[in-house]
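Visitor: return atomic coordinates for the entry below.
(one chain, ligands or ions: 1)
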Amino acid sequence: MTNTNPSAGAAVRRTGNSGWRAMLPRWSPKLGVGLGLVVAIALFGILGPFFVGNPDTVRNIGMTSPSGEFWLGTTQTGQDVLAQLAHSTRGSLQIGLLVGILATLFSAVFGVIGGYVGGAVDEGFSLFSNVMLVIPGLPLVIVIAGFVPVEQRGWWTIAVVLAVTGWAASARVLRAQTLSLRNRDYVAAAKVAGEKPWRIVSVEILPNLLPLMASQFVFAVILAILSEAGLSFLGLGASNSDTLGTMLYYAQNGFALQYGAWWWFGPPGLAIALFGCGLSLINFSIDEIINPRLRTVPATTRRTRRAARNEAARKGTARPLPRRDASGRDAVLTVENLNVVYRGEKSTHAVKDVSLTLGRGEILGLAGESGCGKTTLAYAINRLHRPPAEVTSGTVVFHDRDGTDIDLLALEKEELRAFRWSKLSMVFQGAMNALNPVISVGAQMEDVLTTHRPGMSAGARRERCAEVLRLVGVDPRRLDSFPHELSGGMRQRVMIAMALLLDPQVMIMDEPTTALDVVVQRGILREILRFRDELGFAVVFITHDLPLLLELSDRIAVMRDGEVVEYATAEEIHRRPRHPYTRRLLDSFPSLTGERGAFVRTGESSAREHTETTVKEAGPR
Ligand SMILES: Nc1ncnc2c1ncn2[C@@H]1O[C@H](COP(=O)(O)OP(=O)(O)OP(=O)(O)O)[C@@H](O)[C@H]1O
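Guide: Take a look at the predicted model:
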């Protein structure tokens, strides 16, 4: 199954040989701006105090606006605001960083370890977190801070107090996530493989929690800086230390706002806002390392894609397309020289120059080994491909019943939404898991009609749903059932019924029956043939199973390594396969009438394959 198909969250696995390089974030404007802001403010806080004067020096010049001598002006007592800002930034960074680290550590210990170990440990940790959660945070901070004598109330005391009162909510979230991750298949597989608990937590679970922990860290840092400002405001802040909070406190007490002294309260406020903004932008990039699906295609690639699409559209309209398929049938879909590439460090050219014509009412089989590009082609035809997949060139044209040609690659978003499902529907690989478990089958089917046929009455919608269910051999009384009350085969039929709801002219079926037993599979396939005859729609049927296609299809395209290597009628492929790969594919299905076990034991197929390759390499004599 290709990962272009939307599915549940990707698990992070070991990074393998790519090692640390794979863990580094990809450069992006967001990361650049975020790093720029955080590094600039951090450098200002670390190095600034060495270059500015003493922030406590009082001058009898009063409050002055920014000038050549005092770049950020002075306070009411003539103190240099720039010097105060540098020292205060350092103080706030120290507190923010320490609180961020401690709160993340506490929440990880109580949330992740409790959630993974379970039992009494989890109950104890949970109880403790809940108690901490219901204690009102600010009053507790005030009490604890007030309890510590002023002379011992250094910046680190304030940081510890803020960390102790600020970790519980994050721990609850981490626990819930850990409970969910603990039951995933890859964690069960690691347990079965004998991995030790600490390794499972650190290698299988923690990496999946990193984006969450990173955002919790950012939140804790910002909250700490703001809370410290609040405590300083109440006179409970760190004694003998400058922070952005104390700066704001003095600005407020000195009536900076009333005097319009923006240079006094503006810089510390801006420093807090910019630092938070920078951390959030870095957080986005951390998300992208952990979950590669979030990676966006770079702007240059997007431009190339747009240009390619326009070029393809231009070519498509300039050149007349074949209106008939090879057997003289009216064409319903024409794919010409389609190329799809997955962009990345190593790009994959998944579909290479594919040209196909689907006749009206035709069943076209698409066969080929795993990874040859079948699903990518199907998604690209329907414009369902997502970055990093990109259609680099080619045309896909739909010939409507009313005689108009629709260039699918040029359709706008809204046009595409209206087009899909009503003219071309798709049954996905593993579609039986695509039904929403908490909504009844009928409601899910009716949703499709409400979206595409807004004028249809409730009664008519219900009737149409019952009609298509009957068509696929499911009792219409099942409309009120929930997906879990149906068997796998029934759910698969419901998905096919859904694809039939709007009477489409083309249906793409990507291995729709792989998860089913052979008898159910045959039943569904017979239905498909019947619909084709009764409803006259065309089908693109994708499968590894070439013998099945021989039975079902009018024509078959055999794909290999992104290319269509053979494209002929089912009869021709069966009787006279031309391409050596098609012959190998046919040979790889053991004959039911041959000697039992010959395929595996005698290696009959591989022997034949070897002979053919040798003959081919030797060339014609
Ligand atoms: N998101 C992706 N990023 C990069 N490469 C991808 C991605 N999805 C698929 N590919 C690559 O594209 C190629 C074609 O994959 P595709 O899923 O279309 O094959 P398929 O013939 O449908 O295989 P299967 O029958 O196993 O589903 C493969 O080489 C695959 O590794």
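Visitor: tell me how far residue 40 lies from the ligand.
Guide: 36 Å (CB to the nearest ligand atom, to the nearest Å). Bear in mind the C-beta positions are built from the backbone N, C-alpha and C, glycine included.
Visitor: with residue 581 instead?
Guide: Shown here: residue 581 relative to the ligand, a distance of 14 Å by CB to the nearest ligand atom.
Visitor: correct me, but that residue touches residue 564?
Guide: No: with contact defined as CB atoms under 8 Å, residue 581 and residue 564 do not form a contacting pair (10.9 Å).
Visitor: what is in contact with those two at once?
Guide: Counting by CB atoms under 8 Å, 6 or more residues apart in numbering, the common neighbours of residue 581 and residue 564 are residue 558.
Visitor: helix, strand or coil for residue 470?
Guide: Using DSSP: H, G, I helix; E, B strand; the rest coil, the structure places residue 470 in helix.
Visitor: for it, report the pLDDT, please.
Guide: On pLDDT, residue 470 comes in at 86.
Visitor: and for residue 91, nearest residue in space, chain neighbours not counted?
Guide: Excluding its sequence neighbours, the residue lying closest to residue 91 (CB to CB, 6 or more residues apart in numbering) is residue 243, at 4.0 Å.
Visitor: need phi/psi at residue 187.
Guide: Dihedral pair for residue 187: phi -70, psi -40, per degrees, to the nearest 10.
Visitor: quick one: contacts for it?
Guide: Listed by CB under 8 Å, 6+ apart, the contact partners of residue 187 are 181, 200, 204, 205.
Visitor: tell me which two of those residues sit farthest apart.
Guide: Greatest spacing in the contacts of residue 187, by CB to CB: 181 and 200 (9.9 Å).
Visitor: higher neighbour count, the two?
Guide: Between residue 181 and residue 200, residue 181 has the larger neighbour count (other CB atoms under 10 Å), namely 22 against 19.
Visitor: and whichever strand or helix holds the more buried one, what does it pack onto?
Guide: Taking DSSP states H and E as the criterion, residue 181 maps to helix 168-182. Counting by 3 or more CB pairs under 8 Å, 6 or more residues apart in numbering; DSSP states H and E, the packing neighbours recorded for helix 168-182 are helix 81-107, helix 114-117, helix 119-134, helix 206-233.
Visitor: now the longest one: average pLDDT?
Guide: The pLDDT scores in helix 206-233 average 84.
Visitor: for it, buried residues please.
Guide: By 16 or more other CB atoms under 10 Å, the buried positions in helix 206-233 come out as 206-232.
Visitor: number of residues surrounding the residue in the stretch 501-621 of the chain that the ligand sits nearest to?
Guide: As assessed by CB to the nearest ligand atom, the ligand sits closest to residue 544 within the stretch 501-621 of the chain, at 6.0 Å. Look at residue 544: counted by other CB under 10 Å, it has 16 neighbours.
Visitor: could you do residue 467 as well?
Guide: Residue 467: 13 neighbours (other CB under 10 Å).
Visitor: tell me the secondary structure at it.
Guide: Here residue 467 is recorded as helix under three-state DSSP.
Visitor: do you know the pLDDT at the closest residue to it other than its chain neighbours?
Guide: Distances taken as CB to CB, 6+ apart place residue 476 nearest to residue 467, at 8.0 Å, with adjacent residues excluded. Among the per-residue scores, residue 476 holds a pLDDT of 88.
Visitor: residue 476 contacts residue 464, correct?
Guide: No: Residue 476 is not in contact with residue 464 according to CB under 8 Å; the separation is 10.8 Å.
Visitor: measure the closest residue to residue 117 other than its chain neighbours to the ligand for me?
Guide: Nearest non-adjacent residue to residue 117, counting by CB to CB, 6+ apart: residue 197, 7.7 Å away. Distance of residue 197 to the ligand, computed by CB to the nearest ligand atom: 33 Å.
Visitor: what's the neighbour count on residue 197?
Guide: The burial count for residue 197: 12, using other CB under 10 Å.
Visitor: residue 487 too?
Guide: As a burial measure, residue 487 scores 11 neighbours (other CB under 10 Å).
Visitor: the ligand contacts on the stretch 501-621 of the chain?
Guide: residue 544 (CB under 6 Å from any ligand atom).
Visitor: show me where the stretch 501-621 of the chain dips below the pLDDT cut-off.
Guide: Applying pLDDT under 70 to the stretch 501-621 of the chain flags the ranges 513-518, 520, 589-621.
Visitor: swap the cut-off to 80 and go again
Guide: Where the stretch 501-621 of the chain drops to pLDDT under 80, the residues are 512-536, 545, 585-621.
Visitor: likewise for the stretch 351-500 of the chain?
Guide: 387, 403, 428-437, 488-489.
Visitor: now the strands: where do they sit in it?
Guide: Along the stretch 351-500 of the chain, counting by DSSP state E, counting those that start in this stretch, strands occupy 363-367, 389-399, 405-407, 424-427.
Visitor: tell me which of the ones you listed lies nearest to the ligand.
Guide: Among the strands of the stretch 351-500 of the chain, strand 389-399 comes nearest to the ligand, with 6.3 Å by CB to the nearest ligand atom.
Visitor: just checking: what are the partner strands of the closest one?
Guide: Strand 389-399 has the following strand partners under DSSP bridges: strand 331-342 (antiparallel), strand 405-407 (antiparallel).
Visitor: now those in TSV, with distance to residue 356?
Guide: Shown next, in TSV, are the strands paired with strand 389-399 (distance: least, CB to CB, whole Å):
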stretch	distance to residue 356
strand 331-342	5
strand 405-407	16
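Visitor: any idea how far stretch 472-487 is from the chain center?
Guide: Here the centre of stretch 472-487 is set off from its chain's centre by 31 Å, with CA atoms, centre = their mean, to the nearest Å.
Visitor: could I get that stretch in CSV with only the CA atoms?
Guide: What follows is stretch 472-487, C-alpha atoms only, in CSV (Å, rounded to 0.1, in the frame of the first residue of the first chain):
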residue,chain,number,x,y,z
VAL,A,472,-24.2,-4.9,-4.4
GLY,A,473,-26.1,-7.6,-2.6
VAL,A,474,-26.4,-6.0,0.8
ASP,A,475,-29.8,-6.0,2.6
PRO,A,476,-31.1,-2.3,2.6
ARG,A,477,-32.1,-2.8,6.3
ARG,A,478,-28.4,-2.6,6.9
LEU,A,479,-28.6,1.2,6.3
ASP,A,480,-29.1,1.6,10.0
SER,A,481,-26.2,-0.6,11.0
PHE,A,482,-22.9,0.7,12.2
PRO,A,483,-19.7,-0.5,10.3
HIS,A,484,-18.6,-2.8,13.1
GLU,A,485,-21.9,-4.7,12.8
LEU,A,486,-21.0,-5.7,9.2
SER,A,487,-18.5,-8.3,8.0
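Visitor: residues contacting that stretch, please?
Guide: 435-442, 445, 462, 465-467, 469-470, 490-491, 493-494, 496-497, 500, 523-524, 527.
Visitor: dump the strands of the stretch 351-500 of the chain to CSV, plus mean neighbour count and distance to the ligand.
Guide: Shown next, in CSV, are the strands of the stretch 351-500 of the chain (neighbours: other CB atoms under 10 Å; distance: least, CB to the nearest ligand atom, whole Å):
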stretch, mean neighbour count, distance to the ligand
strand 363-367, 25, 9
strand 389-399, 21, 6
strand 405-407, 16, 23
strand 424-427, 24, 13
